[in-house]
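> this is a predicted model, with the sequence first.
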Amino acid sequence: MNRPGFTFCICPDSALARQYIDSMADKFPPAGNEEGGMLAPLPKNWKKEVFWADDGLEDSFWQALAVQDLFKGSRLIIIRNAQQILTDTWKKLGSVLARANPSVWIFICLEVNFEQGQPKIPASVKKLKAFSFAEEQGWIWANAGLSGKGMLDYIKTKAAGLNLVIPSTLLAELGNRLPPDAAAIGLELEKISLLMEPGQNELRPEHLEQIGQQAEVDVFGVLRSLQAGTRPEKIWATVLASESGNAKDKMLFAFLGALVREARILWQLLFGEKVFVPGNLAGEKLAFARQLGIRRLSELWELALEAEQGIKSGEVSEEQALERLMADLFS
């Protein structure tokens with residue numbers, strides 16, 4: 001079975017779209033290259049590149065489509081928020097889609113809401129020859145997001161992956177309390193599993209009270225806990241608790257922003273600049289800044305930037321970026 005030439009993904013939930021794209025990438029691995037009559041070995045996985053239509057599709061996008069990477073493998077190109085692509089750009093993209101490229105697979109993500117079961121696709125997109133052709137070929141995947149039984153099934157699947165047991169008597173209430181967002185559900189369930197005592201894995205009514213609990217993350221407290229050697233799972237649960245409830249696709253940017261703000265305060269204290277800090281914390285933060293020193297303080301900005309770039313480039317998911325950031329902070 002041949003893979004689609006390109007794919008339209010219509011879904012307001014980017015985490016569900018990402019899961020679908022990953023499943024398709026696994027279903028249709030890159031083909032080998034014919035060279036000298038022999039099949040040359042290539043990497044098993046697609047090289048993924050993500051581009052955001054919000055920022056305009058710049059030269060790097062068109063170059064990624066045009067260049068065949070014969071030695072490093074095939075590329076899977078993902079266009080986020082494609083509903084914001086301008087008409088002239090659609091014309092240019094349409095000519096690219098009309099030409100088959102075996103080393104490039106384009107996923108066009110229309111992240112639009114659904115009304116009465118139908119996606120609110122811009123009229124300009126519906127008129128595209130590429131869209132009509134994709135409909136004829138079955139190259140369109142549409143999902144209205146999580147709701148009803150589908151959401152409960154998703155919760156059970158995610159919980160099973162975390163070895164979290166949900167009693168049938170609590171499943172409906174859990175579904176009512178969790179936001180209808182795949183990434184948020186994953187983070188909330190992971191937070192609950194981390195807060196459980198060792199040896200326990202069954203959800204209890206008191207765990208439901210942890211859902212949606214959101215407080216401004218205490219980055220300074222996290223950094224102090226790291227330095228003090230606090231159990232990693234306790235620190236991780238604290239970070240996840242601060243992230244719950246943020247807008248989808250930006251769940252981890254709140255932590256990154258707080259980390260940069262804290263690094264700036266510590267830097268200003270270290271160099272004797274005027275900065276507002278509650279009196280009971282000023283001395284403690286200054287001592288901590290001196291312990292870190294200039295080099296390690298500057299690394300906090302570098303780590304935050306690496307995490308942000310990893311998310312926006314599509315190299316890692318939001319959750320993976322935070323996991324990597326926390327691992328780097330531990331070291």
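In hand now; what should we look at?

> can you tell me the element the closest residue to residue 140 other than its chain neighbours falls in?
Counting by Cβ to Cβ, 6 or more residues apart in numbering, the nearest residue to residue 140 once its immediate chain neighbours are dropped is residue 8, at 4.6 Å. The way it works is simple: take the backbone N, C-alpha and C, and place the C-beta from them, glycine included. Here residue 8, judged by DSSP states H and E, is contained in strand 6-10.

> contacts for that strand next, please.
The set of residues external to strand 6-10 that reach it, using Cβ atoms under 8 Å, 6 or more residues apart in numbering, is 17, 20-21, 24, 97, 105-110, 112, 119, 121, 130-131, 134, 139-143.

> partners of it in the sheet?
Paired strands of strand 6-10, with direction, are strand 104-110 (parallel), strand 140-142 (parallel) (DSSP bridges).

> deepest of those, which one?
strand 104-110 (a mean of 24; mean count of other Cβ atoms under 10 Å).

> quick one: name whatever helix or strand follows that one.
Downstream of strand 104-110 (by DSSP H and E), the next one is strand 114-115.

> all helices for the stretch 151-300 of the chain, in order.
168-177, 182-195, 219-228, 232-243, 253-270, 279-313 (DSSP state H, counting those that start in this stretch).

> next, the angle from the fifth one to helix 279-313.
The reference is to helix 253-270. Interaxial angle of helix 253-270 relative to helix 279-313 (axes from the mean of the first three to the mean of the last three Cα atoms, to 10 degrees): 130 degrees.

> and helix 253-270, what does it pack against?
With contacts taken as 3 or more Cβ pairs under 8 Å, 6 or more residues apart in numbering; DSSP states H and E, helix 253-270 sits against helix 219-228, helix 232-243, helix 279-313, helix 318-330.

> tell me which of those helices lies nearest to residue 269.
Taking Cβ to Cβ, helix 279-313 is the member of the helices and strands packed on helix 253-270 nearest to residue 269, at 4.7 Å.

> just checking, residue 12 is part of a helix?
No: looking at residue 12 with DSSP: H, G, I helix; E, B strand; the rest coil, it is coil, so not inside a helix.

> wait, it touches residue 109, no?
No: checked against Cβ atoms under 8 Å, the pair residue 12 and residue 109 is beyond contact range at 10.2 Å.

> redo the strands paired with strand 6-10 as JSON lines? Include distance to residue 175 and mean pLDDT.
Below are the strands paired with strand 6-10 laid out as JSON lines (distance: least, Cβ to Cβ, whole Å; pLDDT from 0 to 100):
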{"stretch": "strand 104-110", "distance to residue 175": "26", "mean pLDDT": "95"}
{"stretch": "strand 140-142", "distance to residue 175": "23", "mean pLDDT": "97"}
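
> any chance of these in JSON lines, plus distance to residue 148?
Converted to JSON lines, these look like this (distance: least, Cβ to Cβ, whole Å):
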{"stretch": "strand 104-110", "distance to residue 148": "22"}
{"stretch": "strand 140-142", "distance to residue 148": "17"}
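
> can you tell me which of the helices of the stretch 151-300 of the chain is most buried?
With neighbours taken as mean count of other Cβ under 10 Å, the helices of the stretch 151-300 of the chain reach their highest mean count in helix 182-195, at a mean of 22.

> what packs against that helix?
Of the remaining helices and strands, those touching helix 182-195 by 3+ Cβ pairs under 8 Å, 6+ apart are helix 14-27, helix 148-161, helix 232-243, helix 318-330.

> rank those helices by pLDDT, which is bottom?
Per-stretch mean pLDDT for those is lowest at helix 232-243 (a mean of 63).

> got the confidence number for residue 42?
pLDDT, read off for residue 42, is 47.

> low pLDDT regions in the stretch 1-150 of the chain?
1, 32-44, 67-73 (pLDDT under 70).

> which of the helices of the stretch 151-300 of the chain sits closest to residue 54?
Per Cβ to Cβ, nearest to residue 54 of the helices of the stretch 151-300 of the chain: helix 279-313, 10.7 Å.

> relative to helix 318-330, how tilted is the closest one?
Going by the same axes, to 10 degrees, helix 279-313 is angled at 130 degrees with respect to helix 318-330.

> which helices and strands does helix 279-313 pack with?
Counting by 3+ Cβ pairs under 8 Å, 6+ apart, the elements that helix 279-313 packs against turn out to be strand 47-52, helix 219-228, helix 253-270, helix 318-330.

> using TSV, lay out these together with distance to residue 58.
Putting the helices and strands packed on helix 279-313 into TSV (distance: least, Cβ to Cβ, whole Å) gives the following:
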stretch	distance to residue 58
strand 47-52	8
helix 219-228	33
helix 253-270	22
helix 318-330	23
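
> out of these, which comes closest to residue 312?
strand 47-52 (7.3 Å).

> list the buried residues in that closest one.
48-52 (16 or more other Cβ atoms under 10 Å).

> what's the closest of these to residue 198?
Nearest to residue 198 among the buried residues of strand 47-52, with distances taken as Cβ to Cβ, is residue 48, at 36.8 Å.
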